[in-house]
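Colleague: I'll drop the sequence and a predicted model, then ask my questions.
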Amino acid sequence: CCEGFEIDCRKKLKSLNKMSDKQNAQKSAKIAAGAVVCVESEIRGEVTIGARTVVHPKARIIAEAGPIVIGEGNLIEEQALIINSYPENIAPDSEGVEPKTMTIGINNVFEVGCMSQAMKIGDNNVIESKADLGRNMILTSGCIIGACCQVNTCEVIPENTVIFGSGCQRRVQTERPQPQTLQLDFLMKILPNYHHMKKTVKTTSAVTPAKN
Amino acid sequence: MASLLQPDRVLYLVHGEKKIRSPLSTLYFCRYCSELRSLECVSHEVDSHYCPSCLENMPSAEAKLKKNRCANCFDCPCCMHTLSTRATNIPAPLPDDPSKTTMKKAYYLACGFCRWTSRDVGMADKSVASGGWQEPDNPHTQRINKLIEYYQQLAQREKLERDRKKLARRRPYMPLAFSEKYGLGTRLQRQRPGAPITSLAGLSLKEGEDQKEINIEPAQALDEVEPLPEDCYTRPINLPEVTSLRQRLLQPDFQPAGASQLHPKHKHLLIKRSLRCRKCEHNLSKPEFNPTSIKFKIQLVAECQVLLTLTNPVENITHVTLVGCEEGDPEDINSTAKVMVPTKELVLAGKDAAADYDELAEPQDFQDDPDVVAFRKSNKIGFFIKVVPQREEDGDVTVSFKIRHDFRNLAAPIRPSEEGDAPTEAIWLTHHVELSLGPIIA
């Protein structure tokens, strides 16, 4: 009878969630199985998060003007802000504005306190602490935006570029930064011990436990 | 009021070779001459060399040999940050059995700031963590060394000739070190302005040695110069590959134009310096020998001895008189306002470190004129001055006046006194002070 009680509880939870889902039909985050997203993070709007991605508490992913698609193996640290915002000269409620999707590739690292508004980010990039990416940037692969660098130009950053220094000097490195697999594995083991996780979308049947 | 200690608000005038006005926190006080000294009227001497990243001390002789560079630490050629050694595991074949591979550690240098690695320039990974990295050799080293030897010999010959002339004129008991050509050790030579500093100093050829004749070939001028490559003007520039002037000039041996030839250089050593009063030759500031220690063996900072505007740093009762600057005072060039200072003498109690904790102490009884003294607290006093701005500009209001206070030199040499314990005499010191009060509002 203990089991039965549990199953009842789960059914009730599911129905409650479905109701809340219907109310906020467009504002749900689709978190793939295997991703570790802390409950204290703020995720607003249509956000899709891929597997093996870790989102720390107090990270903010805000999809205002369109959906955000985040790939696999990314590391989004505390107080990072990924925001798909409206361009400055367009009011939020005006007609004829198509929602643009922000895509983020795999194995990227968004360090503590960074802010990214770039619409397209490739793979294996590192955005260091307190860096600031403008809306019109496109990062390819292997780029490193240094700490406290504000880059607000309208350009495509070529591969393996490093932007560093107070004057945002650039240079090209010969190797791309390594994916943080060790760090991701460690975090995926340790974070659930100390934080509650957001619910992941069940892709396989009843194997992933619903943690909430 | 700590704001009065901040730079540039309160300036003291230092009477040295040049009249310098600077805040009290940057001044020293020579207690043998009883005068304020600024950084420009003291002589700076090198005390010790140390590396800023590994904090290793290096004796001066060794530093000279290694051209003032650390043996272990490297600078990034791209951003001049300190390079750190990183290790990776690479599979390497075992020496016994070439078919099996085992993980060996390979070390490479990497910069944490601009992400430059030693692999970018083609330097192979080393198997030892430190000591494996070499700077590339300069192809012109041999020629330069030969030239240096030749000129050293020339300098010695000239020095001997000069000594012979001088000794012939003067009496022969002058020490040989007196007439060293490029030396800067003795005081007379130091005060000579414009004395050249070369690495030829410290040579002294004993008169009995045979002098080897070194001949050098003069440099030959070539008629034919290598022509520029044909696509010099049409080849598109690969901008990340071009080195900046700063990166290029930090390696004067090679001055590479391409970033793939920028090799790391050993880190420059820093020095600890000691300051010496030029008039009385006493040390004003002498740092500790240990590079990790920031304390000083001797440190005669002005704040400990000279009166601050409101606080009395010494332990005796001090009498302060403020005198406004008269008309036509040659030192009064910066003031934009007239100031009326209190004419009476102000008395400041001594500094007593235990006064905060001693509840039974009787409050000292000073008769304070409430028009002059605003508050009094242990060794501090707040007093009123009246300021009349002279100009209606938008600039800062600056006033200047003279502080005259008495000073007891506690470090005076013990003179044998016949009367027993005579109290140390007080000297009256006058300082010219400029105070910046900020902009006029409305």
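Modeller: Sure thing, it's come through.
Colleague: Do a quick rundown of the helices in chain A.
Modeller: For chain A, the helices defined by DSSP state H cover A:2-23, A:181-194.
Colleague: In terms of mean pLDDT, which of those helices ranks lowest?
Modeller: Ranked by mean pLDDT, those end with helix A:2-23 at the bottom, a mean of 57.
Colleague: ok, how many other residues are close to residue B:25?
Modeller: 12 (other Cβ atoms under 10 Å in any protein chain shown). Where you see a C-beta, it was placed from the backbone N, CA and C, and this is true even at glycine.
Colleague: So it: helix, strand or coil?
Modeller: helix (DSSP: H, G, I helix; E, B strand; the rest coil).
Colleague: Send over stretch B:11-19 as CSV, restricted to the C-alpha atoms.
Modeller: Only the C-alpha atoms of stretch B:11-19 are listed here, as CSV (Å, rounded to 0.1, in the frame of the first residue of the first chain):
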residue,chain,number,x,y,z
LEU,B,11,50.2,69.8,0.3
TYR,B,12,53.4,70.5,2.2
LEU,B,13,56.2,72.5,0.7
VAL,B,14,59.6,70.9,0.8
HIS,B,15,62.7,73.0,0.6
GLY,B,16,65.1,71.0,-1.4
GLU,B,17,67.0,71.7,-4.6
LYS,B,18,63.6,72.2,-6.1
LYS,B,19,60.6,73.5,-4.3
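Colleague: any residues touching that stretch, and which ones?
Modeller: B:20-24, B:27, B:35-38, B:40-41, B:302, B:306, B:331, B:431-436 (Cβ atoms under 8 Å, 6 or more residues apart in numbering or on different chains).
Colleague: Quick one: name the residues of the stretch 151-300 of chain B near chain A.
Modeller: Residues of the stretch 151-300 of chain B found near chain A (Cβ under 8 Å from any Cβ of the partner chain) are B:240, B:259.
Colleague: Next, the buried residues of the lengthiest helix in chain B.
Modeller: If you go by DSSP H, chain B has its longest helix at helix B:141-169. Buried positions in helix B:141-169, judged by neighbour count with 16 or more other Cβ atoms under 10 Å in any protein chain shown: B:152, B:153, B:155, B:156, B:159, B:163.
Colleague: and the third one, how far is that from residue B:292?
Modeller: It stands for residue B:155. Going from residue B:155 to residue B:292 by Cβ to Cβ, to the nearest Å gives 40 Å.
Colleague: and what of the second one?
Modeller: Taken as Cβ to Cβ, the spacing of residue B:153 relative to residue B:292 amounts to 43 Å.
Colleague: now the residue in chain A that chain B sits nearest to, nearest residue through space, not along the chain?
Modeller: Taking Cβ to the nearest Cβ, chain B has its nearest neighbour within chain A at residue A:172, 4.2 Å off. In space, and not counting its chain neighbours, residue A:172 is closest to residue B:240: 4.2 Å by Cβ to Cβ, 6 or more residues apart in numbering or on different chains.
Colleague: Tell me how many other residues crowd that neighbour.
Modeller: 14.
Colleague: quick one: contacts for it?
Modeller: Contacts of residue B:240 (Cβ under 8 Å, 6+ apart): A:161, A:170, A:171, A:172, B:259.
Colleague: For chain A, what lies in contact range of chain B?
Modeller: A:144, A:146, A:161-162, A:164-165, A:169-175, A:177.
Colleague: where does chain A have low pLDDT?
Modeller: For chain A, applying pLDDT under 70 flags the ranges A:1-27, A:90-96, A:202-212.
Colleague: The most centrally placed residue in it bridge partners, please.
Modeller: The residue lying closest to the centre of chain A (Cα atoms, centre = their mean) is residue A:70, at 5.3 Å. Taking DSSP bridges, one obtains residue A:49, residue A:104 as the residues bridged to residue A:70.
Colleague: ok, the residue in the stretch 201-350 of chain B that chain A sits nearest to to residue A:71 distance?
Modeller: Using Cβ to the nearest Cβ, the single residue of the stretch 201-350 of chain B nearest to chain A is residue B:240, 4.2 Å away. Relative to residue A:71, residue B:240 is positioned 28 Å away (Cβ to Cβ).
Colleague: Also residue B:257?
Modeller: According to Cβ to Cβ, residue B:257 stands 40 Å off from residue A:71.
Colleague: more neighbours, the two?
Modeller: More neighbours surround residue A:71 than the other of residue B:257 and residue A:71, with 21 against 10 (other Cβ under 10 Å).
Colleague: Could you report the separation of residue B:257 from residue B:231?
Modeller: Going from residue B:257 to residue B:231 by Cβ to Cβ gives 15 Å.
Colleague: do residue B:112 as well
Modeller: Note on residue B:112: its distance to residue B:231, by Cβ to Cβ, is 38 Å.
Colleague: The two: which has the busier surroundings?
Modeller: The neighbour count for residue B:112 versus residue B:231, taken as other Cβ under 10 Å, is higher for residue B:112 (13 against 8).
Colleague: residue contacts, the more buried one?
Modeller: Residue B:112 makes contacts with B:81, B:84, as judged by Cβ under 8 Å, 6+ apart.
Colleague: Number of residues surrounding residue B:137?
Modeller: When neighbours are defined as other Cβ under 10 Å, residue B:137 has 9 of them.
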